[in-house]
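**Student:** Let me see the structure of the following:
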Amino acid sequence: MATVQYEAANEVARQLGLADVAPEPFTARQQRQSRMDGGEEEDGSLRDAVALGPPVEQPHIEQERARAAAENRMPALRPAAFRSVPLTRAFQSTFPSYRQRSSFGRLGGAPQLAFPAGQNDTAAPRSNAELFTVGEGGVVEAVHKPDGSAATAVDKEADAQAWAAAFSHDFFCNQCTNHEHNCTVTCVKYVKKKLEAKESLRSTRTPSCRFLFFRIIPLRMGGRIRRVRRRGRPLVREPFVESTDDRNQLCRCQVKRDQPFRSLSNDVSQVSDRSNIDFQFLLCAPVEPADVAKEPQQGGTFHPAQVDTLVPAQSTKRRRLTKKTPGATKATLAPGYQSAGRKWLYACGPLQVADQGIVESFQTAFRKAFAMDFYITKYQGKMMETLTPLFQSC
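**Tutor:** Numbers count the residues shown, from 1 in each chain. Below is the predicted model of the structure:
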């Protein structure tokens, strides 16, 4: 799972064992909006801390800044910086040289993550006959370096390390450029109160983003729990299987997330298609059962506490209130039947903890299968919806 779906732009570099891993881009504005500054909350608890990181810039913007400094003028900013830009000067429209077969042996030595994986315009392409020595059965017997000599195992290992550095940096640049979420009007387009929803898009507010780029923080103040909504998704330090259904993610695998505004994608999709591809790993896993209360037994061992579910609980005395009196409240009736857990069928005994996990897994699987079938049918129907005027005109 952690090698298929990514919500951290530098996770690929960690998995490939690279020494220099670039930090996640995180601006001061994003830190102020999400309040992930490591400060103290009103109830004394500490907030999550995300270190500031420099943003990833397009190569043509860096070249424009350097050109403007050499010409002693102000660089082009915002929309002006994207006018008359060649197609080979942005991350999304380049074909990096490391992906070309003829780049073997030309990628350099140690990983240099500061340089983008750009186009290698100076090196001439090589044919397959110049790259490989093929035997009679079509098996590659040797790989040739740019000078024509056969590559050794050390040369292949060095090229693999250089390729890993270029691949991870290319994914890092595309992921940070294509999957940086910033709440806009499309995040609240299904909200009924449009005016209030648009007002919540201000940088000092937290909108009800339909992509769930917000989180709920419980604060204990004055003996009460006050829930505060903050921008950004909650951080994930280590991958785990979600055990709650607050975000419709029950039994879904949650991968590492170091930045609250990073959306999910796939490494191969990013370096191949180079766009904002939404990739989700839909396979689910059963949730581990919660810890059962244990009581000590003879011999020093611990066993699950036994609960007698057939003994009715003591009911409280009911009192009819004919009029409102100061300080008087209605007494609630305690249930006459106390259950120790969930059941499979009505009037049956409670299930064991492991059995509850199995039943809930089946329930979640059927519910997610229904939702998946609904959305597949919905998006298939959109294509037919575009053909409606054609059918009506016939």
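
**Student:** low-scoring stretches of the stretch 101-250 of the chain, by residue?
**Tutor:** 108-123 (pLDDT under 70).

**Student:** what's near enough to touch Phe172?
**Tutor:** Contacts here follow C-beta atoms under 8 Å, 6 or more residues apart in numbering; on that basis Phe172 touches Ala9, Asn10, Val12, Ala13, Ala22, Val56, Leu113. From N, CA and C alone the C-beta is placed, and that goes for glycine too.

**Student:** with those in mind, which one is nearest to Cys173?
**Tutor:** Ranking the contacts of Phe172 by separation from Cys173, with C-beta to C-beta as the measure, puts Val56 on top at 5.5 Å.

**Student:** which non-adjacent residue is nearest Leu250?
**Tutor:** For Leu250, the nearest residue in space outside its immediate sequence neighbours is Thr364; the separation is 5.2 Å by C-beta to C-beta, 6 or more residues apart in numbering.

**Student:** so that neighbour makes contact with Gln249?
**Tutor:** No - between Thr364 and Gln249 there is no contact, the gap being 10.3 Å when judged by C-beta atoms under 8 Å.

**Student:** if I've got this straight, the residue nearest to Leu250 is in a strand?
**Tutor:** No - assigned with DSSP: H, G, I helix; E, B strand; the rest coil, Thr364 falls outside any strand and is helix.

**Student:** burial measure for it, as a count.
**Tutor:** The burial metric for Thr364, expressed as a neighbour count using other C-beta atoms under 10 Å, is 17.

**Student:** can you pull the pLDDT of it?
**Tutor:** Reading off the per-residue confidence, Thr364 sits at a pLDDT of 83.

**Student:** before we move on, what about the one 4 residues further on?
**Tutor:** Among the per-residue scores, Lys368 shows a pLDDT of 83.

**Student:** Contact partners for it?
**Tutor:** With contacts taken as C-beta under 8 Å, 6+ apart, Lys368 has the following neighbours: Cys251, Leu282, Cys284.

**Student:** Tell me the buried residues in the helix or strand containing Arg367?
**Tutor:** Using DSSP states H and E, Arg367 sits within helix 353-386. In terms of neighbour count (16 or more other C-beta atoms under 10 Å), helix 353-386 has its buried residues at Gln356, Gly357, Glu360, Ser361, Thr364, Lys368.

**Student:** wait, which of these is closest to Val185?
**Tutor:** Compare each of the buried residues of helix 353-386 with Val185 using C-beta to C-beta and the shortest gap goes to Lys368, at 29.3 Å.

**Student:** mind checking how far Val188 is from Gln63?
**Tutor:** Noted for Val188: a distance of 37 Å to Gln63, by C-beta to C-beta, to the nearest Å.

**Student:** Sorry, wrong one. I was asking about Phe214.
**Tutor:** Using C-beta to C-beta, one gets 37 Å for the distance from Phe214 to Gln63.

**Student:** Closest one of the contacts of Lys368 to Lys382?
**Tutor:** Of all the contacts of Lys368, Lys382 sits closest to Leu282, with 20.0 Å by C-beta to C-beta.

**Student:** Near the closest one, how many residues? Count them for me, please.
**Tutor:** When neighbours are defined as other C-beta under 10 Å, Leu282 has 9 of them.

**Student:** what sits against it?
**Tutor:** So Leu282 contacts Arg252, Lys368, Met372 (C-beta under 8 Å, 6+ apart).

**Student:** can we see that at 10 Å?
**Tutor:** The contact partners of Leu282, taken as C-beta atoms under 10 Å, 6 or more residues apart in numbering, are Gln5, Arg252, Cys253, Lys368, Met372.

**Student:** what about it, which SS state?
**Tutor:** Assigned with three-state DSSP, Leu282 falls in the coil class.

**Student:** Quick one, grab the pLDDT at it.
**Tutor:** Looking at Leu282, its pLDDT reads 82.

**Student:** Can you tell me how far it is from Arg247?
**Tutor:** Counting by C-beta to C-beta, the gap from Leu282 to Arg247 is 15 Å.

**Student:** where do the helices sit along the stretch 1-150 of the chain?
**Tutor:** With DSSP state H, counting those that start in this stretch, the ranges of helices along the stretch 1-150 of the chain come out as 11-15, 28-34, 59-71, 128-131.

**Student:** how about those, which one is nearest Val271?
**Tutor:** Of all those, it is helix 11-15 that lies closest to Val271, at 9.5 Å by C-beta to C-beta.

**Student:** just to revisit the earlier point, I'd like the contacts of Leu282 laid out as a markdown table, including distance to Ala162.
**Tutor:** Conversion of the contacts of Leu282 to a markdown table gives the following (distance: C-beta to C-beta, whole Å):
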| residue | distance to Ala162 |
| --- | --- |
| Gln5 | 26 |
| Arg252 | 36 |
| Cys253 | 32 |
| Lys368 | 42 |
| Met372 | 41 |
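
**Student:** and of those residues, the nearest to Asn182?
**Tutor:** Gln5 (21.4 Å).

**Student:** Give the helix, strand or coil label for the closest residue to Arg32 other than its chain neighbours.
**Tutor:** Distances taken as C-beta to C-beta, 6+ apart put Ser203 closest to Arg32, at 7.8 Å, once the chain neighbours are dropped. When the structure is split into helix, strand and coil by three-state DSSP, Ser203 lands in coil.

**Student:** What backbone torsions are found at Ser203?
**Tutor:** phi -60, psi -20 (degrees, to the nearest 10).

**Student:** quick one: it and Arg231 touch, right?
**Tutor:** Yes - under the criterion of C-beta atoms under 10 Å, Ser203 lies in contact with Arg231, with a separation of 9.1 Å.

**Student:** shared neighbours of those two, anything?
**Tutor:** Taking C-beta under 10 Å, 6+ apart as the contact rule, the neighbours common to Ser203 and Arg231 are Gln30, Arg32, Gln33, Asn182, Cys183.
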